[in-house]
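# output the structure for:
(one chain, ligands or ions: 1)
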Amino acid sequence: MTEPAAAPVIAIDGPGGAGKGTVCRAVARQLGWHLLDSGALYRLVALDAERAGVALDDEAAVAERARRLDVVFQPDGDEGSVRLAGQDVSLAIRSEAAGQGASRVAALPAVRQALVGRQRDFCRPPGLVADGRDMGSVIFPAARLKVFLTASVEERALRRYKQLKEKGIDASLAILSEELGERDRRDTARAVAPLKAAPDARRLDTTDLSIDAAVAQVLRWAAAVYPGTQKK
Ligand code: C5P
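Take a look at the predicted model:
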C-alpha cells in the first residue's frame, strides 16, 4: 500500500488503559508531530448528544450532530485541552461514564462514518501520531508503522484508577476493572471497525513495561520505518 500523500503516520491502537494516550503524547512530542486522540472525539460525540438530550442509540441524530460537532483541541498544558461549543470539557470527557457513552456511540456505523474525514484531516506535515482502536485498520490503513498496544486487564484498570485519582475524579478499582472488561467486549464484538490488531501491526505488551520503555520502542520502530525521523 502506498503512503498517504499528506504526511507519515504512526497508528497506535489497543484497548482502553493500555497506555496509548501517554505513549502517543510522548512520541508526538519527541518527534514534533501532530497528535490525534480519536477516543476523545467519540467521548465528545457522546457528551454532546447527552447534553442535547439525544438518545445515544438514535443513530441518525447522533451522526448528524457528530458531523457538525464544534470542537477545538488546544495543545496547552501537559495533556492539552478540548472545547466543545466553546466550553472547556477536558475533564468532563475523561470520566468512565463518558468512556461508556463513547463506546456506545462508537458502535453506530453512521457515527463512525461521520468522523472519518475529521480524523484524516489531522494528517499534516511533519507527521501524525494517531491514537485509537481502528487507526491502522480503517482510518490510516496505509500507515507504515502500526502498533497494537496491550496490557492485562488488571494492569489497565490500575492505571485508569491512578489516572482518574490524579485528576481528582473518584473511582473504584473493582468497578473500573468490570467497566473496562465490558468496554473491551463491546469494542471487540461490534460489527464495524471492531477493536483488533491490523494484520501488519507490531504488538507491544506494556503489562511489565514502563512508559519510557514503550515510548523508546515506538521511536526505534519509527526511526527504522521512516528513515530521517529525528528525535527533537
Ligand atoms: O480511547 P478512549 O478510552 O478515549 O476511547 C473511548 C471509546 O471510544 C472506546 O471504548 C471505543 O469504544 C471508542 N473508540 C473507537 N474508535 C477509536 C477510538 C475510540 O471506537 N478510534
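
# run through the residues that contact the residue nearest to the spatial centre of the chain.
By Cα atoms, centre = their mean, the chain has its centre lying nearest to Gly132, at 3.2 Å. Taking Cβ atoms under 8 Å, 6 or more residues apart in numbering, we find Gly132 in contact with 11-13, 20, 36, 38-39, 139. C-beta here means a position set from N, CA and C on the backbone, and glycine is covered the same way.

# for it, list each beta-bridge partner.
Beta-bridge pairing of Gly132 under DSSP bridges involves Asp13.

# hmm, back to that, can you put the contacts of Gly132 in TSV and add pLDDT?
Shown next, in TSV, are the contacts of Gly132 (pLDDT from 0 to 100):
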residue	pLDDT
Ala11	98
Ile12	98
Asp13	96
Lys20	93
Leu36	96
Ser38	96
Gly39	95
Ile139	96
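
# for Val72, identify the helix or strand it belongs to.
According to DSSP states H and E, Val72 maps onto strand 71-74.

# now that strand: buried residues?
Phe73 (16 or more other Cβ atoms under 10 Å).

# quick check: what element follows it along the chain?
Immediately after strand 71-74, counting by DSSP H and E, sits strand 81-84.

# just give me the neighbour total for the residue lying closest to Gly127 once chain neighbours are set aside.
With Cβ to Cβ, 6 or more residues apart in numbering as the criterion, Gly127 has its nearest non-adjacent residue at 4.0 Å, and that residue is Trp33. Trp33 has 23 neighbouring residues, counting by other Cβ atoms under 10 Å.

# ok, Trp33 - contacts?
10, 27, 126-129.

# what does the chain put close to the ligand?
16, 38-39, 42-43, 99, 102-103, 106, 132-134, 183, 187 (Cβ under 6 Å from any ligand atom).

# save those residues as CSV, and put in distance to Arg160 and secondary structure too.
Converted to CSV, those look like this (distance: Cβ to Cβ, whole Å; DSSP: H, G, I helix; E, B strand; the rest coil):
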residue, distance to Arg160, secondary structure
Gly16, 7, coil
Ser38, 18, helix
Gly39, 13, helix
Tyr42, 16, helix
Arg43, 14, helix
Gly99, 9, helix
Ala102, 14, helix
Ser103, 14, helix
Ala106, 18, coil
Gly132, 17, strand
Arg133, 16, coil
Asp134, 21, coil
Arg183, 10, helix
Asp187, 15, helix
